[in-house]
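Undergrad: here are the coordinates; sequence isn't available:
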């Protein structure tokens, strides 16, 4: 397995990685996997070119088996940055095989190398597997409530 951060030159691999991640997270109404969204190549190239967006992939050969998306957030209370892990996904047939652990360790090392002071990830309390996974990697849980807004009639 090889882990690396995607760049703007990795559009096809980015699309494949994001499709794999969507399959891990999205389920149809009947419990079956929903179709992964089709992403525009120009959009993915633009996204991967952003220095404040990280897409990190775990590859077996040329096939993505895990991925992380993250956003670098500049802080205002000090001249520092934090890394917000937005999605962490491992293909179902590769879960509990060390892929997720390796991915997170690689991302944390990349953050440290980039001088990022703190990394955080949300996990729903009812997602006991995620909570246990992040705890096993040394993450400290904090009591937080997220609020979301959607446009009217959305």
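TA: Looks like it arrived, so ask away. Treat the numbers as computed from the prediction; the structure is a model and nothing was measured.
Undergrad: which one's the longest strand in the chain?
TA: Longest strand of the chain, by residue count under DSSP state E: strand 63-74.
Undergrad: If you count contacts, what does it end up packed against?
TA: On a contact count with 3 or more CB pairs under 8 Å, 6 or more residues apart in numbering; DSSP states H and E, strand 63-74 meets helix 11-25, strand 53-60, strand 81-90, helix 99-113. C-beta here means a position set from N, CA and C on the backbone, and glycine is covered the same way.
Undergrad: ok, now with 10 Å
TA: strand 2-5, helix 11-25, strand 53-60, strand 81-90, helix 99-113, strand 118-120 (3 or more CB pairs under 10 Å, 6 or more residues apart in numbering; DSSP states H and E).
Undergrad: between the ones you listed, which gets nearest to residue 38?
TA: Of all the helices and strands packed on strand 63-74, helix 11-25 sits nearest to residue 38, with 8.4 Å by CB to CB.
Undergrad: now the helices and strands packed on strand 63-74 as a markdown table including mean pLDDT?
TA: As requested, these are arranged in a markdown table below (pLDDT from 0 to 100):
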| stretch | mean pLDDT |
| --- | --- |
| strand 2-5 | 98 |
| helix 11-25 | 95 |
| strand 53-60 | 98 |
| strand 81-90 | 96 |
| helix 99-113 | 97 |
| strand 118-120 | 95 |
